[in-house]
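[1] got a predicted structure plus its sequence, pasted below:
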Amino acid sequence: MFDLSSRTAKLVFGGTILLIGFYLFFPIYWMIISSLKANEELYQVLPTFFPRNLTLSHYWSLMTESQLGLYLLNSLITSGASATINTILAIYAGYSFAKYRYPGRQPIMLFMLSAQMFPFGLLLISIYPVMTDFGLLDTRPGLILSYIVFALPVAVYMLYSYFSQVPDELIDAARADGASDFRIFHTIVIPISIPPIVTVFLYSFMWSWNDLLYSMTLIVSEDKRTIGPGLLLTYLNETNADWGGAMAASLVVSAPIVAAFMFLQRYFIQGVTAGAVK
């Protein structure tokens with residue numbers, strides 16, 4: 001534990017907290033004020049730390065001229081579907097690794113986790129021709145499948161760590177009462193595992209929502225673009241650099257993730273800390 005009884009320790013601790021807070025929150029503050037500045041003020045040589053004339057023109061252009069709604073819908077479909085499928089697969093795989101003993105269990109787990117050791121760009125080179133051969137290039141199912149491939153190993157390991165902490169005595173007692181393994185898992189284990197399951201879903205959803213590399217490479221049609229490449233190609237491209245619009249759009253598209261985290265933060269914290277103390 002830190003000893004904060006001395007005045008010097010308190011000053012150092014307070015200064016460190018302020019420095020970390022500035023590092024974390026100043027980019028968000030700069031994003032907000034940039035979205036509220038007029039272009040004349042936004043592109044002047046000396047930047048201002050507070051808008052002289054507040055304007056909502058960037059938000060108005062975002063709502064009336066861009067295809068933000070289409071990009072949001074595409075992201076919700078791909079991120080929601082991949083997170084749901086990934087969570088369901090991770091639940092069954094994690095429980096299997098944690099509670100059953102069969103040949104090849106450990107090698108299969110190590111093989112799955114080893115996929116996370118490779119750079120995402122390198123794996124994309126392998127996935128691209130496979131998607132082309134199966135006709136999944138430039139399709140939502142292809143993008144959803146790629147998200148599942150990369151988020152599933154970590155999701156399985158997270159749930160494996162939690163299911164390993166579920167007492168075997170609880171499962172043995174249910175078996176002694178005549179319950180089948182299927183019923184034990186669905187009526188006893190899953191109801192007490194909601195926090196880590198919600199954590200895995202949020203992790204998978206955020207990974208897909210924030211992706212730029214895969215969605216920009218595997219999707220080429222404009223009507224199927226997700227939010228990342230959609231905003232990038234709309235506001236920052238070879239002929240245009242609309243920083244005010246980009247900041248406004250970034251704030252708007254971040255709202256669903258922030259709202260989901262605020263609503264589910266209790267489960268998220270419980271899921272992250274589950275199994276930390278034995």
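    Sure, I can see it. Note that the structure is predicted; figures quoted are calculated from it, not measured. Numbering: from 1, shown residues only.

[2] what segments of the stretch 151-278 of the chain are helices?
    With DSSP state H, counting those that start in this stretch, the ranges of helices along the stretch 151-278 of the chain come out as 168-176, 181-184, 194-209, 213-218, 227-235, 243-273.

[3] and those as CSV, adding mean pLDDT, distance to Y29 and mean neighbour count?
    Backbone N, C-alpha and C define where each C-beta goes, glycine included. Shown next, in CSV, are those (pLDDT from 0 to 100; distance: least, Cβ to Cβ, whole Å; neighbours: other Cβ atoms under 10 Å):
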stretch, mean pLDDT, distance to Y29, mean neighbour count
helix 168-176, 86, 49, 12
helix 181-184, 88, 51, 13
helix 194-209, 87, 22, 22
helix 213-218, 88, 28, 20
helix 227-235, 84, 20, 21
helix 243-273, 78, 11, 16
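
[4] nearest to A155, of those helices?
    helix 194-209 (4.6 Å; Cβ to Cβ).

[5] now the closest one and helix 227-235, what's the angle there?
    If you take axes from the mean of the first three to the mean of the last three Cα atoms, to 10 degrees, helix 194-209 sits at 30 degrees to helix 227-235.

[6] nearest to A38, out of the helices of the stretch 151-278 of the chain?
    Using Cβ to Cβ, the nearest of the helices of the stretch 151-278 of the chain to A38 is helix 243-273, at 7.8 Å.

[7] how far does that closest one sit from the chain's center?
    9 Å (Cα atoms, centre = their mean, to the nearest Å).

[8] one more: stretch 97-106?
    29 Å.

[9] what does stretch 183-203 give?
    The answer for stretch 183-203 is 19 Å, by Cα atoms, centre = their mean.
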